[in-house]
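Student: Quick one, fold the following:
(one chain, ligands or ions: 1)
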Amino acid sequence: MNNRLCEMFGIDVPIFAFSHCRDVVVEVSRAGGMGVLGMARMSPARLREELKWIDDHIEGRPYGIDVLMPTTYTDTGELKFDAERLFPEEHLAFVRGLLDAAGIPPLPEGERDAIIRGLLGELSFTPEESMAMIEIAMQHPIKLIVNALGSPPATLVEAAHARGIKVAALAGKAKHALRHKQRGCDFVIAVGTEAGGHTGTISSMVLWPSVVDAVAPLPVLGAGGVGRGRQVAAALALGCEGVWCGSVWLPSAQSEVIPEIKERFYAAEAEDAVQTRAVTGKPCRTLRSAFTEAYERPGAPDPLPAPLQNILWWGEGRTRVERVRAKDFLTYPVGQIVGDLNGPTSVREIVYGMMEEMLAARERLDNMFD
Ligand SMILES: Cc1cc2nc3c(=O)[nH]c(=O)nc-3n(C[C@H](O)[C@H](O)[C@H](O)COP(=O)(O)O)c2cc1C
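Tutor: Numbers count the residues shown, from 1 in each chain. From the prediction side, this is the model:
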């Protein structure tokens, strides 16, 4: 294929892959697309290690990074060394009560605190922390920086452009996309509500063309619900110049998701990908579980603001749940495309399968015209 985004990065197909997993990033770029590493929840040391590994394996193909730089956040700085004071008692009791009632063993006291302290140390949520992580990444041959939450600061755009690095940002509304354009983004990623992870309320079918029109002539990637070639064709038909996918890689051999969660993905229907604040504190589409369901019941506490709810779930809940593989409680961010993720696969199969189906869709359309 050939369009502005293929030219911008020297890639064969405008399939962009968001993943927290370095193997997925490398494999998508080697298959002709563009891998983008999610840096959330990484310590500076781990980031250096991951980027070095990518550089050693990606065979000179382009890749990018994705940073969570929220415009609003709860400052956890002063609480970093007092895990017990971090969560209101009612919230802690709710999660503990839920898991205790299900017979899921508690974590030893010291271990739980160490986990929470570790999580707090890994979060780079303030603008200063995010910028420090980006500076580490800029010492590697990254070609793209994507800002996940909100418009990137002008300083970041300038610093990236001075090094020949492109900048993009995610948008769930046309007005947010316009703000990204005004901040100097090179393209925008329009994320429909179908998407896994943090997502808005507007469906891809409606959002994509509205963002394309709002930011023209800036290129747009369509995201949210893209897992097969017909959806790539739809994104291109709606004016996008490529796609940005996160969920589709989760069942691949290269993904870090544990086998028990992969099994739950295979069995899930599209409607099992629910939007909830229970996992991160912000509306996040994730696999329905006994944990997300508990927060829907009358009398459940209103989830804490980000990133506290995420630390509560991870530190107190997820570790306990995954340790004993408590099936009903296992959850993971995933989009509505989960209904189509029906078995094990590989990144290369996914990329090639998407392209084949997209070409077949194009042929079918061509045959409808004289
Ligand atoms: C497991 C998972 C984690 C995610 N974490 C992030 C993140 O840290 N930063 C980000 O920009 N987007 C994140 N996303 C959202 C993706 O960037 C992307 O917008 C979304 O996956 C696209 O929709 P899809 O899931 O239907 O492919 C995540 C998505 C998933 C599935």
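
Student: and the residue of the stretch 151-300 of the chain nearest the ligand?
Tutor: Gly246 (2.1 Å; CB to the nearest ligand atom). Just so you know, the C-beta spots here come from the backbone N, C-alpha and C atoms, and that holds for glycine as well.

Student: any idea how far that residue is from Glu128?
Tutor: The gap separating Gly246 from Glu128 is 27 Å, by CB to CB, to the nearest Å.

Student: Check Phe94 too.
Tutor: Taking CB to CB as the measure, Phe94 falls 33 Å from Glu128.

Student: which of those two has more neighbours?
Tutor: Phe94 (19 against 9; other CB atoms under 10 Å).

Student: if we can go back for a sec, what number of neighbouring residues does the residue of the stretch 151-300 of the chain closest to the ligand come out with?
Tutor: 27.

Student: Was I right to think it contacts Gly197?
Tutor: Yes. With contact taken as CB atoms under 8 Å, Gly246 and Gly197 are classed as touching, separated by 6.1 Å.

Student: Figure out how far stretch 252-265 is from the centre of its chain.
Tutor: The chain centroid and the centroid of stretch 252-265 are separated by 16 Å under CA atoms, centre = their mean, to the nearest Å.

Student: Check stretch 149-166 too.
Tutor: The answer for stretch 149-166 is 20 Å, by CA atoms, centre = their mean.

Student: What residues does the stretch 101-250 of the chain have near the ligand?
Tutor: Within the stretch 101-250 of the chain, the positions adjacent to the ligand are 148, 170, 191, 194-197, 223-226, 244-248 by CB under 6 Å from any ligand atom.

Student: Once you drop chain neighbours, what's closest to the residue in the stretch 1-150 of the chain that the ligand sits nearest to?
Tutor: Taking CB to the nearest ligand atom as the measure, the stretch 1-150 of the chain has Ala148 as its residue closest to the ligand, at 3.0 Å. Once flanking residues are discounted, Ala148 sits nearest to Leu68: 4.7 Å by CB to CB, 6 or more residues apart in numbering.

Student: Please, where are all the strands along the stretch 251-370 of the chain?
Tutor: 273-276, 284-287 (DSSP state E, counting those that start in this stretch).

Student: helices and strands of the protein: which one bottoms out on pLDDT?
Tutor: When the helices and strands of the chain are scored by mean pLDDT, DSSP states H and E, helix 83-86 comes last with a mean of 67.

Student: Pull the distance from whatever helix or strand comes next after that one to the chain's centre.
Tutor: Sequence order places helix 89-101 as the next helix or strand after helix 83-86, per DSSP states H and E. Taking CA atoms, centre = their mean, one finds helix 89-101 lying 28 Å from the centre of the chain it belongs to.

Student: What are the buried residues along helix 89-101?
Tutor: Using 16 or more other CB atoms under 10 Å as the test for burial, helix 89-101 gives 91, 94-95, 98-99.

Student: can you list contacts of it?
Tutor: Residues outside helix 89-101 that contact it (CB atoms under 8 Å, 6 or more residues apart in numbering): 106, 290-291, 294, 300-301, 304, 312-313, 316-317, 320-321, 326, 329.

Student: For the helix or strand following it, list the C-alpha coordinates in PDB.
Tutor: Sequence order places helix 109-122 as the next helix or strand after helix 89-101, per DSSP H and E. What follows is helix 109-122, C-alpha atoms only, in PDB (Å, rounded to 0.1, in the frame of the first residue of the first chain):
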ATOM      1  CA  GLU A 109       0.900  -8.300  54.700                       C
ATOM      2  CA  GLY A 110       4.500  -7.400  53.800                       C
ATOM      3  CA  GLU A 111       4.100  -8.700  50.300                       C
ATOM      4  CA  ARG A 112       1.000  -6.700  49.600                       C
ATOM      5  CA  ASP A 113       2.700  -3.500  50.700                       C
ATOM      6  CA  ALA A 114       5.700  -4.300  48.600                       C
ATOM      7  CA  ILE A 115       3.500  -4.800  45.500                       C
ATOM      8  CA  ILE A 116       1.700  -1.600  46.000                       C
ATOM      9  CA  ARG A 117       5.000   0.300  46.600                       C
ATOM     10  CA  GLY A 118       6.300  -1.300  43.400                       C
ATOM     11  CA  LEU A 119       3.300  -0.200  41.400                       C
ATOM     12  CA  LEU A 120       3.600   3.300  42.700                       C
ATOM     13  CA  GLY A 121       7.200   3.400  41.700                       C
ATOM     14  CA  GLU A 122       6.400   2.200  38.200                       C
END
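
Student: Where does the prediction get shaky in the stretch 1-150 of the chain?
Tutor: The stretch 1-150 of the chain contains residues with pLDDT under 70 at 70-84, 122-125.

Student: sorry, back to before: for PyMOL, what selects the buried ones among the residues of the stretch 101-250 of the chain next to the ligand?
Tutor: Provided next is the PyMOL selection string for whichever of those are buried by 16+ other CB under 10 Å:
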select buried, resi 148+170+191+194+195+196+197+223+224+225+226+244+245+246+247+248
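
Student: Now do the longest helix anywhere in the chain, average pLDDT.
Tutor: Scanning the chain for the longest helix, with DSSP state H as the assignment, gives helix 347-366. Confidence over helix 347-366, taken as the mean pLDDT, stands at 97.

Student: And for Pro259, the neighbour number?
Tutor: 9.

Student: per-residue confidence at it?
Tutor: For Pro259, the pLDDT comes out at 95.

Student: quick one: it from Arg348, how far?
Tutor: Pro259 is 20 Å from Arg348, by CB to CB.

Student: Asp56 now?
Tutor: 19 Å.

Student: Those two: who's more crowded?
Tutor: Legend: neighbour count by other CB under 10 Å for Asp56 and Arg348, higher for Arg348 (16 against 9).
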